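> this one's structure only:
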């Protein structure tokens, strides 16, 4: 299974006696090849360093799946937004938001989902990253009803709308958001799906809102809200003074306690 962080996929091997976190119907590995542990080398080292390996193993075993379960699919079908994480070939990351009416996220089968890309600012940051590095992370959160979240990680590719409709004819003509027309789609091969606990999810209240989907009106899009267009040096008491760069030991204080 790939790392939960978009980027390079690295696995650590378990001892032969350790239980496998893979789902029950996953093909058994060869006798001379211990089951691989999900996640990155970094998270495994930190689990050992802070003593959380047992809890992590239990989470891998009980909650991490390589496909979308029926209740996950129902959850996705009612989502109105999703946070996405991508990274370029060198690992430089970007996080973004996609939104629409319920159904804008399409579950094509239990191992494949897709979301539409509409006309935007033309930067193509997320799509550019995907063109270099297919790893993608999705986070969906229900802030209103069940106070729960769902992570879906996988490998993405981008196709134009005509090809998407030809490849998935059942999806053609199912534009779920009035006034918007998808230019292309991000299709994701699911490799990991797991819960995000409700402990720190704030409860929010839905209010009536008229959305201007597809508008080019600068004011409705937010205009220059952060003052970037006319940015000047801020007053000294507004932004903290620059700090000296952190050295390697300050950045990774646990590194000295973990043996490679």
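All right, it came through fine. Quantities reported herein were computed from a predicted structural model and do not represent experimental measurements. Numbers count the residues shown, from 1 in each chain.
> The closest residue to residue 65 other than its chain neighbours: neighbour count?
Ranked by CB to CB, 6 or more residues apart in numbering and with sequence neighbours excluded, the top spatial neighbour of residue 65 is residue 193, at 5.1 Å. C-beta here means a position set from N, CA and C on the backbone, and glycine is covered the same way. Residue 193: 24 surrounding residues under other CB atoms under 10 Å.
> Please apply the same query to residue 146.
Number of residues near residue 146 (other CB under 10 Å) recorded here: 12.
> So residue 94 sits against residue 129, correct?
Yes: using CB atoms under 8 Å, residue 94 is in contact with residue 129, at 5.9 Å.
> any weak-confidence spans in the protein?
Applying pLDDT under 70 to the chain flags residues 1-35, 172-179, 213-216, 218-222, 231-236, 247-260.
> hey, where'd the strands end up in it?
Here the chain has its strands, by DSSP state E, at 12-13, 36-37, 81-87, 93-99, 106-109, 112-117, 135-142, 148-160, 184-196.
> what about the residue nearest to residue 160 when sequence neighbours are not counted, how many neighbours?
Leaving aside its chain neighbours, residue 160 sits nearest to residue 184 (4.9 Å; criterion: CB to CB, 6+ apart). Neighbourhood size, residue 184 [other CB under 10 Å]: 17.
> Beta-bridge partners for residue 184, please?
Note on residue 184: beta-bridge partners by DSSP bridges are residue 117, residue 160.
> Please parse this protein into its domains.
The chain breaks down into these domains under automatic domain parsing: 12-63, 70-211.
> For residue 230, find the nearest of those domains.
Proximity to residue 230 (CB to CB) singles out domain 70-211 among these, at 18.2 Å.
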